[in-house]
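Student: dropping the sequence and predicted coords here.
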Amino acid sequence: MPMTTATTVPDEALVLAVDVGGTTMKAEVTDVSGAVLSSGVRETPQGEAAFETMGELGDQLLAELTPAQRAAVARASVVVPGIIDVERSIAVFSANIGWRDVHIGDRFTARWRMPVLFEHDVAVAGWAEWRYGAGRGLDDVCVVILGTGISGTLSVGGRLVRGGIGQTGEYGHISVRHDNGLPCACGNIGCVETVASGASIARAYTARTGRTAGAAEIFALRDTDADAKAVLADAVDALAAGLVGLVHATCPELIILGGGLAGAGAALTDPLHRALTERLRLVPAPRVVLGEFGARAGLAGAAWFARQGELA
Ligand SMILES: [Zn+2]
């Protein structure tokens, strides 16, 4: 049974949010204004051990509160990467952290003695950018989280689009390089991620120059280094090629870029908007902006989700 209780917690209540990433997990107890009452970070262990560490991190944050604050924590949310089945409360698969079919059930609910919601990290990050960040007030918004991988959310007509087991927005695995594409970790060829993820940008730059540089550094070099400029142009081209079908299908008025690579700012949003404009004939090119929560979108989203009770 889903543990969701789709009612908003009272304004005076506190919430516990846990955001699990591939290398670290972060957690916060916050109030309705977003003020942080306790926070912590742990390294994410590989495999199912990650779930015990999530439990310990939550224990630690709750223990740091005063008794009155502890009593005010009304709900928690735990958000994780990979494929998850929210309805059956199962973390189905994470390639990065290496778990398969981990049953969540009520393990956190019993431990922390409060309702605990479970969701996909990118789903809450994208939902939060749409509802409370750069997309607030709009009905048709696409959020793209650019990082190790590329995925996001889509809101159409004021509703978050969810698939059969809640998984949508796998924009990074739209295949855009059919003839000479690189193999993708997913098994396909020429996916957006093989060109436009942070790791792919770094790899392409090294292949051209023999030099090692991270994606952020390559963005910083774009005006003075022809190789950096070419690699980034190729990444933007792949991203635009992947998103143009989505724009034709759903006509979002806004595309929000979040995640680590969004730190590149206008160096990313302006070329992407131009590349989309060049490709679109029938429908207007959506505006392209940066997310407001930056790298905190997952954690901020988890807190909003714990407070609201559903991704509505
Ligand atoms: Zn792929």
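Tutor: Noted; the coordinates are in hand.

Student: pretty sure residue 276 contacts residue 239?
Tutor: No - in this structure, residue 276 is not within contact of residue 239 by Cβ atoms under 8 Å, at 9.1 Å. For glycine as for every other residue, the C-beta is placed from the backbone atoms N, C-alpha and C.

Student: tell me the pLDDT at the closest residue to the ion within the stretch 201-312 of the chain?
Tutor: Closest contact between the stretch 201-312 of the chain and the ion, by Cβ to the ion, is at residue 242 (10.7 Å). Here the pLDDT value assigned to residue 242 is 97.

Student: now do residue 5
Tutor: pLDDT, residue 5: 51.

Student: one more: residue 219?
Tutor: 93.

Student: sorry, back to before: for the residue of the stretch 201-312 of the chain closest to the ion, give me its contacts.
Tutor: 171, 172, 174, 176, 192, 196 (Cβ atoms under 8 Å, 6 or more residues apart in numbering).

Student: what about the strands in the stretch 201-312 of the chain?
Tutor: Residue ranges of the strands in the stretch 201-312 of the chain, as given by DSSP state E, counting those that start in this stretch, are 254-258, 287-290.

Student: quick one, which of those strands is packed in tightest?
Tutor: strand 254-258 (a mean of 26; mean count of other Cβ atoms under 10 Å).

Student: leaving out chain neighbours, which residue sits closest to residue 131?
Tutor: Using Cβ to Cβ, 6 or more residues apart in numbering and skipping the chain neighbours, the partner closest in space to residue 131 is residue 304 (7.1 Å).

Student: what's the burial count for the one you found?
Tutor: Using other Cβ atoms under 10 Å, residue 304 has 22 other residues around it.

Student: ok, now how distant is it from residue 96?
Tutor: According to Cβ to Cβ, to the nearest Å, residue 304 and residue 96 sit 24 Å apart.

Student: can you give me the angle the helix or strand residue 129 falls within makes with strand 254-258?
Tutor: Secondary structure assignment for residue 129, by DSSP states H and E: helix 121-131. Orientation check (axes from the mean of the first three to the mean of the last three Cα atoms, to 10 degrees): helix 121-131 against strand 254-258 gives 130 degrees.

Student: who does the helix or strand following helix 121-131 pair up with?
Tutor: Going down the chain from helix 121-131, the next helix or strand is strand 141-146, by DSSP H and E. Counting by DSSP bridges, the strands paired with strand 141-146 are strand 150-156 (antiparallel), strand 254-258 (parallel).

Student: before we move on, the earlier item: who has more neighbours, residue 276 and residue 239?
Tutor: Looking at residue 276 and residue 239 with other Cβ under 10 Å, you find the greater number of neighbours at residue 239, namely 30 against 23.

Student: what's near enough to touch the closest residue to that one other than its chain neighbours?
Tutor: Closest residue in space to residue 239, ignoring its immediate chain neighbours: residue 196 at 4.6 Å, by Cβ to Cβ, 6+ apart. Going by Cβ under 8 Å, 6+ apart, residue 196 touches 146, 150, 172, 235, 236, 238, 239, 242.

Student: if we go to 10 Å?
Tutor: 144, 146, 150, 171-172, 176, 204, 215, 232, 234-242, 261, 268, 272 (Cβ atoms under 10 Å, 6 or more residues apart in numbering).

Student: pLDDT below threshold where in the protein?
Tutor: Along the chain, the parts satisfying pLDDT under 70 run over 1-6, 164-166.

Student: for residue 114, see how far away the residue nearest the centre of it is.
Tutor: In the chain, the residue lying closest to the centroid (Cα atoms, centre = their mean) is residue 122, at 2.9 Å. Taking Cβ to Cβ as the measure, residue 122 falls 25 Å from residue 114.

Student: now swap in residue 230 and tell me
Tutor: Distance from residue 230 to residue 114, by Cβ to Cβ: 52 Å.

Student: and for residue 150?
Tutor: 34 Å.

Student: more neighbours, those two?
Tutor: Using other Cβ under 10 Å, the more surrounded residue of residue 150 and residue 114 is residue 150, with 28 against 18.

Student: OK, contacts around the nearest residue to that one once chain neighbours are set aside?
Tutor: Nearest in space to residue 150, with sequence neighbours left out and distances taken as Cβ to Cβ, 6+ apart, is residue 172 at 3.2 Å. Going by Cβ under 10 Å, 6+ apart, residue 172 touches 144-152, 184-186, 191-197, 200, 238-239, 242.
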